[in-house]
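Peer 1: here is my input, please return the structure:
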Amino acid sequence: MNEIFEFHKKLNIHKIIFIVIISLFILVVLIEIISNLLDKNNTNKTIVTTETFYDEKKSLSIALPSTYNLEKNTSDNYLIELKSPQALKILISKKDIITGRKLSDIVFADRNSYTKNFQKISNVSEISSISVNKDLESYIYSFDHLENEQKFNLKIIWIETENGYYVIDINFPSNLSDNFSNLIKEITSSFTLY
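Peer 2: Below you'll find the predicted structure:
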C-alpha cells in the first residue's frame, strides 16, 4: 500500500513539474509576442527632429520641426527668411521702438495699412494678445489673400522687446492650414533673443 502511495506521490510531482514547465513556456511565448508588438509600434513612429534657425548676428533664433522642410534664404530685408516646398514662408524683421505709442496701437495701424497692399483679402481677424516666451508683449492678426489665384493665409505676430519690435510674417496656402496648425505655437514658444 505504501508503494502505491509513493507511486502516486511521484506521479503528482511529475505532473506539477510538467505543468510548471508548460506554464513557463507559455509565459515566455506571451512575453515575446508582446515585446514584438511593442517594437513594431515604436518602429512605425517617426522621430521628429528640430532645426534651429538663427539670424546672421546670432542674436535671435526660432526652432521648428524638420518636417516643414524649411530652407533659410539670405535677405537684406529680413533677419530670418525661411521657405518650404509647400509654399510656407516665415519672415522675421525688426523695427525700431516708437516711443509714446502702445504696441496694440502700432499693430492696429499696421493691420489697416498692410491689408491695403492686397487686392483681394478676406477673413481679416481682430488683433489679439498672444504669449511669446511668457513675458513679452505680443499681438497677432491674420487674413486670407490671393496670390496667383491661390488662396493664402497670412499671420502677422508683433513682439515688443527692450531693443525693438520683431515682426513675424507667416504665409502659407489656406488649403494646407491643417499641416501648419501648430506652427504659431512652435514659433512663439521657441522665439529666443540672445
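Peer 1: buried residues, stretch 186-194. List them.
Peer 2: Of the residues in stretch 186-194, those with enough neighbours to count as buried (16 or more other Cβ atoms under 10 Å) are 186, 187, 188, 190, 191. In short, each C-beta sits where N, CA and C put it, glycine included.
Peer 1: secondary structure and pLDDT added to the residues you listed, as a markdown table?
Peer 2: Formatted as a markdown table, the entries for those read as follows, by DSSP: H, G, I helix; E, B strand; the rest coil; pLDDT from 0 to 100:
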| residue | secondary structure | pLDDT |
| --- | --- | --- |
| 186 | helix | 96 |
| 187 | helix | 96 |
| 188 | helix | 95 |
| 190 | helix | 95 |
| 191 | coil | 96 |
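Peer 1: residue ranges with poor pLDDT in this structure?
Peer 2: Low-confidence segments of the chain, defined by pLDDT under 70: 1-11, 40-46.
Peer 1: all helices of it, in order?
Peer 2: Applying DSSP state H to the chain gives helices spanning 2-44, 103-115, 183-190.
Peer 1: how far does stretch 157-175 stretch from one end to the other?
Peer 2: Stretch 157-175 has an end-to-end distance of 21 Å (criterion: Cα to Cα, to the nearest Å).
Peer 1: so residue 146 is in contact with residue 152, correct?
Peer 2: Yes. Look at residue 146 against residue 152 with Cβ atoms under 8 Å: they come within range, at 7.3 Å.
Peer 1: count the residues that sit near residue 140.
Peer 2: With neighbours defined by other Cβ atoms under 10 Å, the count for residue 140 comes to 21.
Peer 1: so it versus residue 169, what's the distance?
Peer 2: Counting by Cβ to Cβ, to the nearest Å, the separation of residue 140 from residue 169 is 11 Å.
Peer 1: repeat that for residue 93.
Peer 2: Separation of residue 93 from residue 169 (Cβ to Cβ): 8 Å.
Peer 1: can you count the residues close to residue 148?
Peer 2: For residue 148, which is what you asked about, the neighbour count (other Cβ under 10 Å) is 5.
Peer 1: now swap in residue 54 and tell me
Peer 2: As a burial measure, the neighbour count of residue 54 was computed by other Cβ under 10 Å and equals 16.
Peer 1: the closest residue to it other than its chain neighbours and residue 38, how far apart?
Peer 2: The spatial neighbour of residue 54 that comes closest, neighbours along the chain excluded (Cβ to Cβ, 6 or more residues apart in numbering), is residue 61 at 4.7 Å. Between residue 61 and residue 38 the distance, using Cβ to Cβ, works out to 36 Å.
Peer 1: settle it for me: which of the two has more neighbours?
Peer 2: Set side by side, residue 61 and residue 38 show more neighbours around residue 61, with 16 against 10, by other Cβ under 10 Å.
Peer 1: the more buried one reaches residue 52, doesn't it?
Peer 2: Yes. With contact taken as Cβ under 8 Å, residue 61 and residue 52 are classed as touching, separated by 5.3 Å.
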